[in-house]
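In: with the sequence up front, the predicted model follows.
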Amino acid sequence: MSYLETLKTGKIPEKKPKTPKPTPYDRYMARKRPDTIPKAARVSVTTPAGYNDVRMIVGEIRRNRGVVTDFKGVPPVTAQRLLDFLSGAVCALDGRMERIGDGTYLITPKGVEIACAASSADEE
């Protein structure tokens, strides 16, 4: 609607709300903002199928991230070889490997503490 139509009819058009565009300063500050989750607190869950997947797991440990690894879908002989490789790599990197279930392991880098919560049945 034009200005002249507004004068003739007396009807004022509704204004569309403007969506503010980020300024260059806003974009700069967004890049400078640290991650909300510390890198050491990140944990990925994997199901390795071969040696390439295990190398990826070791890479995660080297980047100070924890990994939960599930070997349930892998043949037992292959799972044992992959587990041997992982245990050697974790030992070399001063990490820790904890069994948390049947065929499931938690692998953490150096400096990450694993705290086990006691259940109420253990306290009695």
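Out: Arrived safely, thanks for sending.
In: which helix or strand in this protein has the lowest average pLDDT?
Out: None of the helices or strands of the chain scores lower by mean pLDDT, DSSP states H and E than helix 120-123, at a mean of 50.
In: please save the CA atoms from the longest helix along the chain in CSV.
Out: What stands out as the longest helix in the chain, according to DSSP state H, is helix 76-92. C-alpha atoms of helix 76-92 as CSV (Å, rounded to 0.1, in the frame of the first residue of the first chain):
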residue,chain,number,x,y,z
PRO,A,76,34.6,-63.0,19.1
VAL,A,77,38.0,-63.6,17.4
THR,A,78,37.9,-60.2,15.7
ALA,A,79,36.6,-58.5,18.9
GLN,A,80,39.5,-60.0,20.9
ARG,A,81,42.1,-58.7,18.4
LEU,A,82,40.5,-55.3,18.3
LEU,A,83,40.4,-55.2,22.1
ASP,A,84,44.1,-56.2,22.3
PHE,A,85,45.0,-53.4,19.9
LEU,A,86,42.9,-50.9,21.9
SER,A,87,44.3,-51.9,25.2
GLY,A,88,47.9,-51.5,23.9
ALA,A,89,47.1,-48.0,22.5
VAL,A,90,45.3,-47.0,25.8
CYS,A,91,48.3,-48.1,27.8
ALA,A,92,50.7,-46.2,25.6
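In: in terms of secondary structure, what does that helix contact?
Out: On a contact count with 3 or more CB pairs under 8 Å, 6 or more residues apart in numbering; DSSP states H and E, helix 76-92 meets helix 51-62, strand 96-101, strand 104-108. Every C-beta, even on glycine, is put in place using the N, C-alpha and C of the backbone.
In: quick one: buried residues of the first one?
Out: By 16 or more other CB atoms under 10 Å, the buried positions in helix 51-62 come out as 54, 57-58, 60-61.
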